[in-house]
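In: turn this into a model:
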Amino acid sequence: MKTLYLDCGMGAAGDMLAAALMELLPDPDAFAAELNALGLPGVTVKKEASVKCGITGTHLSVAVNGEEEGEAHSHPHAHAHEHSHPSGHHHSSLHDISHIVHHLPVEERVKAHILAVYQLIAEAESHAHGVPVTEIHFHEVGTLDAVADITAVCLLMDRLAPDEVVASPVHVGSGQVRCAHGILPVPAPATAHILRGVPIYGGSIPGELCTPTGAALLRHFAGRFGEMPVMQVEKIGYGMGKKDFPAANCVRAMLGETASAGETVAELCCNLDDMTPEEIGFAMERLFDAGALEIYTTPAGMKKSRPGVLLSVMCRESERDKMLRQIFLHTTTLGVRENISRRYTLRRSVEQVETPFGSIRRKTASGFGTEREKYEYEDLARAAREQGLSIREVLRKIDAK
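Out: Numbers count the residues shown, from 1 in each chain. Alright, predicted model coming up:
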């Protein structure tokens with residue numbers, strides 16, 4: 001099983017995670033150029049070599065209109081009811097951020113990950129300030145810096161396509177951190193809120209080692225937190241932070257193979273006989289957005305001779321409570337049954353292939369002595385629509401190349 005292990009022994013920030021994952025790619029420089037081509041307003045990304053305690057890694061520098069995010073705004077902190085800053089900088093709401101993300105030239109699934117991560121940050125800041133999410137505004141430089149970091153990590157996760165992401169317990173630092181509101185304890189309130197339920201520790205190093213952005217990315221992508229699993233490591237990436245500490249200030253990403261022992265999944269089932277097809281479709285859409293692994297319906301004969309459906313939702317055990325809330329919210333069921341089973345999956349990867357129709361993604365699945373590949377349907381459909389061809393004809397021309 002393709003496993004990504006994130007060593008957060010010196011915490012995590014968005015730029016550190018992005019830089020560590022970039023080092024796992026065959027061509028990190030090409031990815032940096034890809035980030036700069038996304039069209040984030042005023043944003044310039046630069047990949048730089050960095051050395052911490054004798055270890056060489058990558059630092060990802062993000063400048064907004066030539067200004068790098070610095071000590072005055074060390075993470076995308078939020079303000080309640082504020083729309084301007086004494087320095088004249090603009091502030092962005094979550095709605096503004098959503099607008100930026102929806103116009104990015106990336107896949108819809110990547111946009112969904114970006115917005116889910118930013119929602120975690122906004123909800124944490126909302127909780128810390130005691131105001132609704134709609135009244136939270138982010139500093140311009142911090143916002144675009146964070147959007148660039150978060151977009152980079154979400155694109156990299158999509159590109160690397162690990163079957164499992166495991167993170168170490170998170171070192172959050174100690175002491176205090178200065179932000180727009182004054183001096184706050186470490187971890188900052190928003191970071192502490194995001195990391196609820198995650199194993200964290202303080203240690204003796206003073207300062208903020210884990211930012212809200214880093215915390216949200218870990219919370220969103222890590223399937224579990226704990227010791228490094230037994231794995232055959234194939235690639236290692238070091239993402240460096242800006243500051244120097246007695247210990248190497250980096251996130252280490254290790255990509256390799258773990259034994260295919262399968263994973264435990266929960267199958268949540270309920271019978272429905274009083275919902276329209278449109279309502280069931282909407283419920284399935286919301287469950288997928290919430291992180292369901294698979295959802296399917298089966299025709300069923302119900303009591304009083306009513307035709308109905310059996311709704312089955314597969315999810316990781318850690319996601320069970322969230323799925324139950326979504327099922328009860330979006331369906332009319334009064335009860336849900338649970339079955340626990342083992343799930344075995346093939347390793348998956350995605351690569352871009354140049355074709356007569358432009359760049360098209362090819363997905364490869366391998367493991368258990370087999371390998372197969374297929375082109376991404378949405379890319380084939382786009383080519384077919386643009387050229388007035390059938391999908392079968394598009395495939396024939398690609399294979400004949």
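In: and the residue lying closest to E123 once chain neighbours are set aside, what's its pLDDT?
Out: Distances taken as Cβ to Cβ, 6 or more residues apart in numbering place V133 nearest to E123, at 6.1 Å, with adjacent residues excluded. The C-beta positions use only the backbone N, C-alpha and C, and glycine is treated the same way. On pLDDT, V133 comes in at 77.
In: I'd guessed V133 sits against I121; true?
Out: No - shown here, V133 and I121 do not form a contact pair, counting by Cβ atoms under 8 Å, at 10.1 Å.
In: when those two are compared, which one has more neighbours?
Out: Per other Cβ atoms under 10 Å, whichever of V133 and I121 has more neighbours is I121, with 30 against 16.
In: tell me the secondary structure for that one?
Out: Using DSSP: H, G, I helix; E, B strand; the rest coil, the structure places I121 in helix.
In: give the contact list for it.
Out: By Cβ atoms under 8 Å, 6 or more residues apart in numbering, I121 lies in contact with 76, 146, 190, 194, 212-213, 216.
In: again with T333
Out: By Cβ under 8 Å, 6+ apart, the contact list for T333 reads 270-272, 311, 327.
In: gap between it and I280?
Out: To I280, T333 is 11 Å away according to Cβ to Cβ, to the nearest Å.
In: which residues are in contact with both of the two?
Out: Both T333 and I280 are contacted by 272, 311, under the criterion Cβ under 8 Å, 6+ apart.
In: low-confidence ranges in the stretch 251-400 of the chain?
Out: Confidence mapping of the stretch 251-400 of the chain against pLDDT under 70 gives the ranges 260-262.
In: try 80
Out: Where the stretch 251-400 of the chain drops to pLDDT under 80, the residues are 259-263, 346-348, 367-369.
In: tell me where it has helices.
Out: Assigned by DSSP state H, counting those that start in this stretch, the stretch 251-400 of the chain shows helices spanning 277-289, 320-330, 377-387, 391-399.
In: G241 contacts M10, correct?
Out: Yes - with contact defined as Cβ under 8 Å, G241 counts as touching M10 (7.2 Å).
In: give me the common contacts of those two.
Out: 249-250.
In: gap between the residue nearest to E123 and L380?
Out: Look at V133 and L380: by Cβ to Cβ, they are 38 Å apart.
In: what do you get for S204?
Out: S204 is 55 Å from L380, by Cβ to Cβ.
In: the more surrounded of those two?
Out: Counted by other Cβ under 10 Å, S204 and L380 do not tie: L380 has more neighbours, with 22 against 9.
In: these two touch, right, the more buried one and R392?
Out: No - L380 lies out of contact with R392 (Cβ under 8 Å); the separation is 9.6 Å.
In: show me what M254 is bridged to.
Out: Counting by DSSP bridges, M254 is bridged to Y5, I236.
In: which ones are touching it?
Out: M254 sits next to 4-7, 228, 231, 233, 235-237 when contact means Cβ under 8 Å, 6+ apart.
In: in the stretch 51-200 of the chain, where is pLDDT below threshold?
Out: Those would be 66-93, 129, 133-143, 178-182, if you go by pLDDT under 80 across the stretch 51-200 of the chain.
In: which residues touch L310?
Out: Neighbour list for L310: 269-272, 297-300 [criterion: Cβ under 8 Å, 6+ apart].
In: apply 10 Å and report the result again.
Out: L310 sits next to 269-272, 296-300, 302, 337 when contact means Cβ atoms under 10 Å, 6 or more residues apart in numbering.
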